[in-house]
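> 3D model of this:
(chains A and B)
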Amino acid sequence: MSKLTIADKEFDSRLILGSARFPDPDTMRRSLKVSGTEIVTVALRRANLDRDDSEDILSYLDQDDYFILPNTAGCYTAKEAVLTAQMAREALGTNWVKLEVIGDDETLFPDVPELLKAAEQLIMEDFVVLPYANDDPITCKKLADMGCAAVMPLGAPIGSGMGIRNPYNLQIIREQVEVPVIVDAGVGTASDAAIAMELGMDAVLMNSAISQAKHPVKMAEAMKLAIDAGRLAYESGRMTRRLYAKASSPVEGKMEVTGANE
Amino acid sequence: MKLHVNGDTVDTNAETVQELLRQFDVEGNGKGTAIAVNDSVVPKENWNEYQLNEEDRIEIIRATQGG
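Okay, the predicted model is just below:
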């Protein structure tokens, strides 16, 4: 199976995981490990100054040697997102950012004008920008053309688990841009991930599908297998679909039985 | 002096970013922490000498779980 290359980095795994909403840190750690992921996303939030934050998930991620990808989740404007990315760079020493600029808190769909503005500014400031985008080929093309390291169209709304709602657009996006296309959000179960990969997507980013499963560690394994299976199937080049049957066994050399046609 | 720290109004004797962090027990070298004063990031190497002014808005953020 071929490797995933984003910007100047190569990854063996095509599964990117979020670190949020796991029942507890131990389940998160085990899930991440079983999934085989190499890239894990984190958010930036106000430090709790009244008491010590109980569990420092960053130290776990650091110990386990993941490539940490900060996000700008919760930002509604380009200005907020840019400052958040700058804070992330300072806090984590990485210039990579999963850029999210959302339009409203019910759908969490991206605000495209603000997203484009933020992406442009961050690229000028030498960030490696991975934008969470609509499943819109034009938006994704614009993001890729301005220099984003990947585009990350949604499969369905964040946290919805509704799967790949617009496979045809994703396929068009894959054909229209040169950079990796990563499905971000919407995957609910293993078959969704496999479908995304069979469509030729370069990777899938997910969080709730694993952290909200009844058994996250098992689901993490299921996702690993689905991503690998989907990618292998894509690289294999599937057979052509046909409306009518075509016998698999040879037709020639079939024995004759007397009276069979009577 | 009066400062706005993470949305709360705080009365403090701290004069620099570093002193303010010490007051809140935030680790000075802590990976995963970043500071902005009035919407501008203050790099770690400047925490020691960065002078705070009355009514400054300070954000102390940390990396945490996220999707």
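> what sits against residue A:149?
Going by CB atoms under 8 Å, 6 or more residues apart in numbering or on different chains, residue A:149 touches A:6-7, A:96, A:128-130, A:179-180. In this view, the C-beta of every residue, glycine as well, is placed from N, C-alpha and C.
> how about 6 Å then?
A:6-7, A:128, A:130 (CB atoms under 6 Å, 6 or more residues apart in numbering or on different chains).
> and if you look at residue B:58?
By CB under 6 Å, 6+ apart, the neighbours of residue B:58 are B:3, B:5, B:37.
> Quickly note the distance from residue A:260 to residue A:202.
54 Å (CB to CB, to the nearest Å).
> These two - which one has more neighbours?
Taking neighbours as other CB atoms under 10 Å in any protein chain shown, residue A:260 and residue A:202 compare with residue A:202 leading, 22 against 7.
> right, and residue A:95 touches residue A:127 too?
Yes. Look at residue A:95 against residue A:127 with CB atoms under 6 Å: they come within range, at 5.1 Å.
> Looking at these two, which one has more neighbours?
Using other CB under 10 Å as the criterion, residue A:95 and residue A:127 rank with residue A:127 on top: 24 against 16.
> where does the more buried one land on pLDDT?
pLDDT, residue A:127: 98.
> Residue A:44 should be in a strand, yeah?
Yes. Using DSSP: H, G, I helix; E, B strand; the rest coil, the secondary structure at residue A:44 is a strand.
> what's the neighbour count on residue A:47?
Residue A:47 has 24 nearby residues by other CB under 10 Å.
> Just give me the longest strand of chain B.
Assignment by DSSP state E gives strand B:57-65 as the longest strand of chain B.
> Give me the buried positions along it.
B:58-65 (16 or more other CB atoms under 10 Å in any protein chain shown).
> Kindly report the same for stretch A:108-118.
Buried, per 16+ other CB under 10 Å, within stretch A:108-118: A:108-112, A:114-118.
> now for those residues, which pair is the farthest apart?
A:108 and A:117 (18.6 Å; CB to CB).
> Tell me the spacing between the spatially closest residue to residue A:163 that is not a sequence neighbour and chain B.
Of all residues not flanking residue A:163 in the chain, residue A:192 sits nearest, at 4.1 Å (CB to CB, 6 or more residues apart in numbering or on different chains). Going from residue A:192 to chain B by CB to the nearest CB, to the nearest Å gives 16 Å.
> okay, now residue A:192: neighbour count?
Neighbours of residue A:192 (other CB under 10 Å): 25.
> quick one: it and residue A:162 touch, right?
No. Using CB under 6 Å as the test, residue A:192 is too far from residue A:162 to be in contact (8.5 Å).
> Give me the pLDDT value at residue A:51.
62.
> what's the distance between residue A:121 and residue A:130?
Relative to residue A:130, and taking CB to CB, residue A:121 is found at 15 Å.
> Looking at those two, which one has more neighbours?
Neighbour count, other CB under 10 Å: between residue A:121 and residue A:130, residue A:130 has more, with 30 against 16.
> Phi, psi for the more buried one please.
phi -120, psi 100 (degrees, to the nearest 10).
> Repeat that for residue A:164.
phi -90, psi 100.
> Just give me the neighbour total for it.
25.
> List the contacts of it.
A:155, A:192, A:195-196 are the contacts of residue A:164 under CB under 6 Å, 6+ apart.
> same thing but at 10 Å, please
With contacts defined as CB atoms under 10 Å, 6 or more residues apart in numbering or on different chains, residue A:164 is in contact with A:135, A:154-156, A:170, A:183, A:186-188, A:191-196, A:198-199, A:201, A:204.
> what do you get for residue A:142?
A:112, A:115-116, A:119-120, A:133, A:136, A:148, A:151, A:177.
> ok, so what distance separates it from residue A:59?
38 Å.
> ok, now residue A:10?
26 Å.
> ok, now residue A:124?
Residue A:124 is 33 Å from residue A:59, by CB to CB.
> same check, this time on residue B:21
Here the criterion is CB to CB. By it, residue B:21 lies 19 Å from residue A:59.
> Helices along the stretch 51-200 of chain A, start to end?
In the stretch 51-200 of chain A, the helices defined using DSSP state H, counting those that start in this stretch lie at A:57-63, A:78-92, A:112-124, A:137-146, A:167-176, A:190-198.
> now the strands for the stretch 101-250 of chain A?
A:128-133, A:152-153, A:182-184, A:203-206 (DSSP state E, counting those that start in this stretch).
> would JSON lines of the helices of the stretch 51-200 of chain A with mean pLDDT be doable?
Listed next are the helices of the stretch 51-200 of chain A as JSON lines, based on pLDDT from 0 to 100:
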{"stretch": "helix A:57-63", "mean pLDDT": "82"}
{"stretch": "helix A:78-92", "mean pLDDT": "96"}
{"stretch": "helix A:112-124", "mean pLDDT": "98"}
{"stretch": "helix A:137-146", "mean pLDDT": "98"}
{"stretch": "helix A:167-176", "mean pLDDT": "96"}
{"stretch": "helix A:190-198", "mean pLDDT": "98"}
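> Which among the ones you listed is found nearest to residue A:100?
It is, among those and with distance given as CB to CB, helix A:78-92, at 7.1 Å.
> And for residue 20, the neighbour number?
Defaulting to chain A. Other residues close to residue A:20 by other CB under 10 Å number 21.
> I was after chain B.
24.
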